[in-house]
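A.B. asks: Below is the structure, and that's it, no one-letter string:
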């Protein structure tokens, strides 16, 4: 793949030729085609570095083409184009893997700057330096493609004042993403206030959010400022917003719409300037259908959605997180630094982590405190997590070679199931030549048995 090779996918012949001429004059090798089908066929030649992809194609939706290109070659830099460019559409494209979104008619300076920055940032986002950048600028830890993509979205939305809606399973790190948005926004030096809507009793949630005046209800012995007032000029993070009562939902909607807050027991209206970021592990669309969540509030908070994949879908984050937590708890408890043995790393990578990052953090904290050895081996970890049958034998591995072999077989089987046993897709996902994948399948005698097949050490 060569970033100098640029493919323009646009049925607008005049615009496409102008773009091709501009890029060619700047030393790029540009070519143009008009349909999504032709684009997918062209990508298979594996020499395209950048694609300018129009959202409206005569045969396919541009986002569908984007998704298919990602399956064929996820390393291609894709720049979406449309006459109707909005931040919502840009974020949607970014979530699917696009680098950027340009609005037509295209401006020469914008096109050239985007190409230049795309090449530079692609190298940066894919390089080792970005792991350090994640820690310092985003206060997060990891190395996965999913996390890098989330960071790109944070870069896009942080400077805006738009409402952000974060979804994902419990323990995936939704609060960390919310905090990263705040830290990279113009409100970074202002308050970041968090409310766990699930942990506050229904009878107290309105007082928690909007405050109350002394004597407004039984037990209100003094005036109390609400979270909205505390977050004024800053960011309010409404965690587990799906657990709010319908009454609180109505008041939050009114505050979002008007910027006004009314303290319980006080008729005085306060104006607040608060950026709202909400999060949930629930399906709010399903709750809205049942009438358990206000549909109008859902539409209002779901301006920009950021979905955080579970840890099992981003295994590249497991070891960076484990080592970070291990160093953190050793330092916090003033203990000698502990290190993970290769067999321990293989065990951590093989576990499904149903509790996500939160579970990993808890396991590492237990290991730090309860294991005396400074070298953490596979049997230490086996004491704190229960392995599924699919990795049977790995926790008892005697050598790294055994653990690696067991893990590799399990990992390939998992990838095959994730890609419906399509060898080509699986090879792309694993970044392996198809011939190498076939060799591994033959070596490990992998067959399409039930998904819970047992992996034994040989």
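C.D. replies: Received it, and whenever you're ready, just let me know what you need. Source: prediction; values computed, not measured. Numbers count the residues shown, from 1 in each chain.

A.B. asks: Helices of the stretch 301-450 of the chain, residue ranges please.
C.D. replies: Assigned by DSSP state H, counting those that start in this stretch, the helices in the stretch 301-450 of the chain fall at 318-332, 342-350, 356-370, 378-382, 400-418, 423-430, 434-443.

A.B. asks: Now those helices in TSV, please, with extra columns for mean neighbour count, distance to residue 145 and mean pLDDT.
C.D. replies: No exception for glycine: its C-beta is placed from N, CA and C like everyone else's. Below are the helices of the stretch 301-450 of the chain laid out as TSV (neighbours: other CB atoms under 10 Å; distance: least, CB to CB, whole Å; pLDDT from 0 to 100):
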stretch	mean neighbour count	distance to residue 145	mean pLDDT
helix 318-332	17	13	93
helix 342-350	23	16	82
helix 356-370	18	17	95
helix 378-382	21	26	84
helix 400-418	19	14	70
helix 423-430	16	10	83
helix 434-443	13	19	84
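
A.B. asks: Show the contacting residues for the residue positioned nearest the centre of the chain.
C.D. replies: Centroid check for the chain by CA atoms, centre = their mean gives residue 308 as the closest residue, at 3.7 Å. Residues near residue 308 by CB atoms under 8 Å, 6 or more residues apart in numbering: 146, 150, 166-169, 172-174, 177.

A.B. asks: Okay, and the beta partners of residue 33?
C.D. replies: residue 9 (DSSP bridges).

A.B. asks: from memory it sits against residue 8, does it?
C.D. replies: Yes: using CB atoms under 8 Å, residue 33 is in contact with residue 8, at 7.5 Å.

A.B. asks: okay, the two: which has more neighbours?
C.D. replies: residue 8 (25 against 17; other CB atoms under 10 Å).

A.B. asks: Tell me how far the more buried one lies from residue 106.
C.D. replies: Distance, residue 8 to residue 106, by CB to CB, to the nearest Å: 11 Å.

A.B. asks: Give the residues shared as contacts by those two.
C.D. replies: With CB under 8 Å, 6+ apart, residue 8 and residue 106 have common neighbours residue 19.

A.B. asks: Where does the prediction get shaky in the stretch 151-300 of the chain?
C.D. replies: Residues of the stretch 151-300 of the chain meeting the criterion pLDDT under 70: 215-220, 265.

A.B. asks: Quick one: the strands in it, in order.
C.D. replies: 164-167, 192-196, 211-212, 224-225, 235-239, 260-262, 269-271, 275-280 (DSSP state E, counting those that start in this stretch).

A.B. asks: what about those strands, which gets the closest to residue 84?
C.D. replies: Among these, the nearest to residue 84 by CB to CB is strand 164-167 (21.4 Å).

A.B. asks: Who are the packing partners of the closest one?
C.D. replies: Counting by 3 or more CB pairs under 8 Å, 6 or more residues apart in numbering; DSSP states H and E, the packing neighbours recorded for strand 164-167 are helix 174-183, strand 275-280, strand 304-307.

A.B. asks: Spell out which residues make up each domain of this protein.
C.D. replies: Per automatic domain parsing, the structural domains of the chain span 2-126, 160-307, 312-443.

A.B. asks: closest to residue 136 out of these?
C.D. replies: Closest among the domains of the chain, using CB to CB: domain 160-307, at 10.2 Å.

A.B. asks: Kindly provide the distance from residue 301 to residue 157.
C.D. replies: Distance of residue 301 to residue 157, given as CB to CB: 14 Å.

A.B. asks: now residue 319
C.D. replies: 29 Å.

A.B. asks: now the strands: where do they sit in the stretch 1-150 of the chain?
C.D. replies: Applying DSSP E, counting those that start in this stretch to the stretch 1-150 of the chain gives strands spanning 2-9, 29-33, 48-54, 77-82, 100-103.

A.B. asks: ok, the last one: who's next to it in the sheet?
C.D. replies: Read it as strand 100-103. strand 77-82 (parallel).

A.B. asks: what's the strand it pairs with in contact with?
C.D. replies: With contacts defined as CB under 8 Å, 6+ apart, strand 77-82 is touched by 3, 10, 49-56, 62-63, 66, 69, 89-90, 93, 97-104, 106, 114-115, 118-119, 122.
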